[in-house]
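J.: Can you look at this prediction? I've put the sequence above it.
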Amino acid sequence: MRVPYKLITIVCLSTILVARPATAQEGQLGTVHFPNSGAPAAQEPFLRGLALLHSFEYSAARAASREAQDADPGFALAYWGEAMAWNYPLWYQQFRDEALEALGRLASSPEDRQAMAPTERERTWLAAVETLYGEGEKNDRDDRYERAMADMHRAFPDDPEVAAFHSLAILGTAHEGREHRTYMRAGAIASGLLATHPDHPGAAHYTIHSFDDPAHASLGLQAALAYSEIAPDAAHAQHMTSHIFVAMGLWERVVEANIRARDTQDAQRAENGLEPNVCGHYSSWLHYGHLQLGDTDEAEALMDLCHERMQNDPKGQEWIYFAHMRSRQIVDTE
């Protein structure tokens, strides 16, 4: 069933990432503001990594953080950024050993790492990540990390990065699945940040996650309409908007969003000598959007591409995505 919607024009300025001096970068990933003591040469990769982190482009975020480390080996927050990119809070995954290895390249102990940070704010960021990867079970560490970010948010109430990571930390405590009170707490912070920082990728992203269910999706519509324009070079940003569109039955928007996500991801894969991802998350959602619009030929063509991939040593979750496509094709076309 097609649901009518109004086209909303969104104007987004080119990305300017601000730190010691305001620093422009290639690509459009959103606007972040993170004053720090790193060398000028480390600013662009550090801030690029931060913006990528907010869009869950974890591998690229780690690579950018390592660029910042190469530019300034004593820059404590560059190691913090790499460690943060080993935590996938909304996917219930954490790579603790890899994160600790990254922090260990700064210094061998939390105390020595604190000594490498020249400002109180930077020491507070490091203390929070030490909590995230400290002793104990993951769920307990997630809870302690959220409390640390809440303390930091009270100490620095006007810092947009503190607010964004506090919102994400709250979402990361939903260990038993979606719990509305937890998600509403996170959404209140993220949507408030989006109102004052309309180009912030984390503000839009975490607002969408907070309201990603049919009962609350309308609260995330503004963020969904904005996010793809905030971070057009982040494939996940293009896809994430469709979580709200699916919940609201905006199927044309679902198709548009996942075409952009797929094409953005495939362009990045081509730069790295990889083939297009025809059996991935974005293709699966695109297939579903076409089915809901009654575009069965387009849906079947996507499924056939994935089926061809099945004949050539499929990797990871590709089998699962093909199973999703095939089962939906059968059910929706009867």
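T.: Here it is on my side, so go on.

J.: all strands for this protein, in order.
T.: Ranges of strands in the chain, per DSSP state E, are 16-18, 22-24, 87-88, 93-94.

J.: Can you give me the end-to-end span of stretch 243-260?
T.: Start and end residues of stretch 243-260 are separated by 14 Å (CA to CA, to the nearest Å).

J.: Could I get the buried residue list for it?
T.: For stretch 243-260, a neighbour-count test (16 or more other CB atoms under 10 Å) marks 243-248, 250-258, 260 as buried. For every residue, glycine as well, the C-beta is placed using N, CA and C.

J.: what does stretch 305-319 give?
T.: Under the neighbour-count criterion of 16+ other CB under 10 Å, stretch 305-319 has L305, C306, R309, E318 buried.

J.: Identify all contacting residues around that stretch.
T.: Residues from elsewhere that reach stretch 305-319 (CB atoms under 8 Å, 6 or more residues apart in numbering): V278, C279, G280, S283, Y321, F322, M325, R326.

J.: Dump these into CSV; add neighbour count and distance to L194 as well.
T.: Below are the contacts of stretch 305-319 laid out as CSV (neighbours: other CB atoms under 10 Å; distance: CB to CB, whole Å):
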residue, neighbour count, distance to L194
V278, 20, 34
C279, 26, 33
G280, 23, 28
S283, 28, 29
Y321, 25, 31
F322, 21, 36
M325, 25, 33
R326, 15, 38
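
J.: circling back: closest to F211 out of the buried residues of stretch 243-260?
T.: I244 (7.1 Å; CB to CB).

J.: In this structure the closest one contacts D212, no?
T.: Yes - proximity of I244 to D212 meets the contact threshold set by CB atoms under 8 Å, at 6.9 Å.

J.: Show me the common contact partners of these two, please.
T.: Common neighbours of I244 and D212, counting by CB under 8 Å, 6+ apart, are G220.

J.: now T241: how far from G294?
T.: Plainly put, T241 is 22 Å away from G294 if you go by CB to CB, to the nearest Å.

J.: now swap in V129 and tell me
T.: 48 Å.

J.: Same drill for these two, tell me which one is more crowded.
T.: Neighbour count, other CB atoms under 10 Å: between V129 and G294, V129 has more, with 25 against 14.

J.: which residues sit in contact with F245?
T.: Counting by CB under 8 Å, 6+ apart, F245 touches A224, W251, R253, V254, A257.

J.: Would you point out the most distant pair within those?
T.: Across the contacts of F245, the longest distance by CB to CB is 13.8 Å; it joins A224 and W251.

J.: Save the buried residues of stretch 305-319 as a markdown table, and put in distance to L53 and pLDDT too.
T.: Compiled in a markdown table, the buried residues of stretch 305-319 are given as follows (distance: CB to CB, whole Å; pLDDT from 0 to 100):
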| residue | distance to L53 | pLDDT |
| --- | --- | --- |
| L305 | 31 | 95 |
| C306 | 30 | 95 |
| R309 | 30 | 92 |
| E318 | 26 | 93 |
